[in-house]
Structures are given as structure tokens and as C-alpha cells.
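Engineer: What follows is a predicted structure for the sequence shown.
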Amino acid sequence: MTANGGWWGRRYGTTPADDAPGAPEAAELPSNDVIELLYRHRSVRRFVAGEVDDAALTAIIGAAQSASTSSNLQAWSVIEVRDPDRLAALSHLAGEQEFIRRGSVFLVFVADWARAGELARRAGEPDDATSYLESTLVAFVDAALAGQNAVVAAESLGLGAVYVGSVRNNPEQIADLLELPAGAFPVFGVVLGHPDPDDPAGVKPRLPQSVVRHRERYRLPDDDDIAAYEAAVTAYYRTQGDDRGWLASAIARVRDAASLHGRHTMRDSLTRRGLPSR
Ligand SMILES: Cc1cc2nc3c(=O)[nH]c(=O)nc-3n(C[C@H](O)[C@H](O)[C@H](O)COP(=O)(O)O)c2cc1C
């Protein structure tokens, strides 16, 4: 199947040649089930009843653990939450995002130097290196790679998923609720569940490849590249009954500390949770 013929158009709202003259037709691009699954991704925030059972979750976590991990340190953990009261508490702490209660399971991915630090202490060794920013970055990257593998695996099983970055709105309270030890920090959550077939949410267009893909040297985008994307995203949002665009929200997001909705104090939170990131 020349899946890219169809999926490219939905992912970008354009053809490859619109973006880069002379580019191959979408239907000429190599494709397979994995690539098609990735192109088909959409965040799912509406779920119907149905468990993500332990067998499915065990397979999904195995996929997460199959991701590459810096120096094989595996500096991440995941907390699985199913209890309705705890889901309600997490939903409240993570920006009142209601869909956290509606999924079958909420996975909180954690940057985790607590485990290696404890093993060092048991061996009578220091764990000073965990206090550096580099170590924080390593654990956050590890958690992100694991989370994305989990999402792709879940989607391959026909499940729906959405990330929840707003666990970092109140990271310290969430760390307490999950009983995270010092050195372990919530990075993001992932809601998993059975997608509502009536959910209109579709494949959201991405920036043209010419904007994110640089040949040999970095090049900032032309206004025309961004205008083309704005048109594609606006057309997508219109199908959702929404008159949003992309540029205004990107500009609002970089404006000032207030744009971070309380997360501008992240270094203080990291420090209090044992990851001073110096
Ligand atoms: C790290 C991360 C955190 C996110 N946090 C949230 C969130 O708190 N709430 C939400 O509704 N969506 C969240 N999302 C989903 C993004 O809004 C979504 O991926 C993006 O708009 C692109 O849409 P798509 O996933 O449907 O392609 C998050 C995504 C990522 C990668």
C-alpha cells in the first residue's frame, strides 16, 4: 500500500512538492505499517468504557523499556494509576484536565535518579553527579523516549493516548501523591483508553518539513513557510469547530514567564525534589 499517498496529505495538508519543488510525490515515498501508524497519530481525549488490561499494559511498558536509554542507565520510572479517587486528585493537580479521569489508566513518567542514587549509597559510594543539570536532562530524555514508545505501542493496539505535560503544573504535590523519593520527578503523564469512535479529533498538520529539516546548515523559516502552515492548521481547526491558528499561540507561549502558567519555578521544584540541576 502506498500509504504515504494518503497519510502525507493529512499530516501536512500539502504535498511534498508544495513544500520543496522537485520533491518526490507522496505516493513514491517508502511506507509500511509502522510509518503509517506514526503518520496516523492523533491525541485522544475522549474515551469510551473499557479496560486497558494488565496484559496490554505489560506489553506497552515492555515497548517503553525497549527504547534506547542513555548509557543503559534506564533513569526513568512509570507510575500506573487506576484508582478513581487518585485519578480525580491527579486530574485536579494537573490543570483540571477532566479526561485524566475518563481514560482507563494514567501513566506518570518519572525522571528517576532515586534508584541509581540509592544503589550507589548501598555500595557506600556518593551520587553527586545526579545533582547536575546534565543528569536531569538525561533522565528527562530517557523518560520521553520511553513515553513515546509506550504511546506508539498503545496506538498499534488500537488504543488512544494523550500526553499530559500539566503534571508539571504542580510537580511537588504530584510527587507527594505518588510517594516519589528524592531524585524522582514527574515529567509528563499519558492517559490511555479506548477511543470514542465519535471523537472528531483528527490528524493535526505539522510544520512543513522545510521548516524543521535543515540541509547542512540551520535556516530560519520565511514568513511564507509559516503562512502556508497557518493555512493548513486553521483549515484543520475549522473541521473541529475551532477558529484557532498556530502562530498566535506560539507567540503567546514564548512571551514571558506568565506564559508558562506557573511552571517558571521549575528549577526550584527540581531542587526541592532532590534534582538541583546545577
Ligand atoms: C510533552 C507533552 C505534553 C502535553 N501535554 C498536554 C496536556 O497537558 N494537555 C493536553 O490536552 N494535551 C497535551 N499534549 C498534547 C499536545 O497538545 C498534542 O500532542 C499537540 O497539540 C499535537 O496534536 P496531536 O498529538 O493530536 O498531533 C502534550 C503533548 C506532549 C508531547
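Structural biologist: The structure has been received and is ready for your questions.
Engineer: For whichever residue of the chain sits closest to the ligand, which non-adjacent residue is spatially closest?
Structural biologist: The nearest approach of the chain to the ligand comes at G165, 2.9 Å away (CB to the nearest ligand atom). Just so you know, the C-beta spots here come from the backbone N, C-alpha and C atoms, and that holds for glycine as well. Closest residue to G165 apart from its sequence neighbours, by CB to CB, 6 or more residues apart in numbering: F188 at 5.0 Å.
Engineer: Retrieve the pLDDT associated with the residue lying closest to R168 once chain neighbours are set aside.
Structural biologist: For R168, ignoring the flanking residues on the chain, the nearest one in space by CB to CB, 6+ apart is R263 at 5.5 Å. Per-residue pLDDT puts R263 at 95.
Engineer: residues near R263, how many?
Structural biologist: Neighbour count of R263, defined by other CB atoms under 10 Å: 15.
Engineer: Just list what the helix or strand where the residue nearest to G165 lies packs against, helices and strands only.
Structural biologist: Element membership for F188 (DSSP states H and E) is strand 184-195. Strand 184-195 makes packing contacts with strand 47-48, helix 99-102, strand 105-112, helix 133-156, strand 160-164, helix 171-177 when contacts are defined by 3 or more CB pairs under 8 Å, 6 or more residues apart in numbering; DSSP states H and E.
Engineer: Need the contact partners of the first one.
Structural biologist: Contacts of strand 47-48 from elsewhere in the structure, counted by CB atoms under 8 Å, 6 or more residues apart in numbering, are 99, 102-104, 160, 191, 193-197.
Engineer: Ok, the second one next?
Structural biologist: Contacts to helix 99-102, defined as CB under 8 Å, 6+ apart, come from residues 45-47, 84, 87-88, 90-91, 94, 106, 162, 164, 189, 191, 193.
Engineer: Centre of the chain to it, how far?
Structural biologist: 17 Å (CA atoms, centre = their mean, to the nearest Å).
Engineer: buried set for that helix?
Structural biologist: By neighbour count with 16 or more other CB atoms under 10 Å, helix 99-102 contains the buried residues 99-102.
Engineer: Redo these as a markdown table? Include pLDDT and distance to G241.
Structural biologist: Compiled in a markdown table, those are given as follows (pLDDT from 0 to 100; distance: CB to CB, whole Å):
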| residue | pLDDT | distance to G241 |
| --- | --- | --- |
| F99 | 98 | 18 |
| I100 | 98 | 23 |
| R101 | 97 | 24 |
| R102 | 96 | 20 |
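Engineer: Switch those residues over to JSON lines; also include distance to the ligand.
Structural biologist: Shown next, in JSON lines, are the buried residues of helix 99-102 (distance: CB to the nearest ligand atom, whole Å):
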{"residue": "F99", "distance to the ligand": "7"}
{"residue": "I100", "distance to the ligand": "9"}
{"residue": "R101", "distance to the ligand": "14"}
{"residue": "R102", "distance to the ligand": "12"}
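Engineer: Now the buried members of the contacts of strand 47-48.
Structural biologist: Buried members of those, counted by 16+ other CB under 10 Å: 99, 102-104, 160, 191, 193-195.
Engineer: Quick check: the farthest pair among those?
Structural biologist: Put simply, by CB to CB the two of those set farthest apart are F99 and H194, 12.7 Å from each other.
Engineer: Wait, V167 touches F185, no?
Structural biologist: No - look at V167 against F185 with CB atoms under 8 Å: they stay out of range, at 9.9 Å.
Engineer: Report the beta-bridge partners for the residue nearest in space to the middle of the chain.
Structural biologist: With distances taken as CA atoms, centre = their mean, Y163 lies nearest the centre of the chain, 4.8 Å away. Note on Y163: beta-bridge partners V190, judged by DSSP bridges.
Engineer: re the thing from before, of the contacts of helix 99-102, just the buried ones, PyMOL syntax please.
Structural biologist: Selecting only the buried entries of the contacts of helix 99-102 in PyMOL, with 16+ other CB under 10 Å as the criterion:
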select buried, resi 45+46+47+87+90+91+94+106+162+164+189+191+193
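Engineer: Up against the ligand, what does the stretch 151-278 of the chain have?
Structural biologist: 162-166, 188, 204 (CB under 6 Å from any ligand atom).
Engineer: Using CSV, write out the CA atom coordinates for stretch 81-99.
Structural biologist: This file holds the C-alpha atoms of stretch 81-99, laid out as CSV (Å, rounded to 0.1, in the frame of the first residue of the first chain):
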residue,chain,number,x,y,z
VAL,A,81,-2.7,4.9,38.4
ARG,A,82,-6.2,3.4,38.1
ASP,A,83,-7.8,4.2,41.4
PRO,A,84,-10.7,6.7,40.6
ASP,A,85,-10.0,8.9,43.7
ARG,A,86,-6.4,9.1,42.9
LEU,A,87,-7.2,9.9,39.2
ALA,A,88,-9.5,12.7,40.4
ALA,A,89,-6.8,14.1,42.6
LEU,A,90,-4.2,13.9,39.7
SER,A,91,-6.7,15.5,37.3
HIS,A,92,-7.2,18.4,39.8
LEU,A,93,-3.5,18.9,40.3
ALA,A,94,-2.7,18.6,36.5
GLY,A,95,-4.7,21.6,35.4
GLU,A,96,-8.2,20.2,36.0
GLN,A,97,-7.9,18.1,32.8
GLU,A,98,-11.1,16.1,33.0
PHE,A,99,-10.0,13.4,30.5
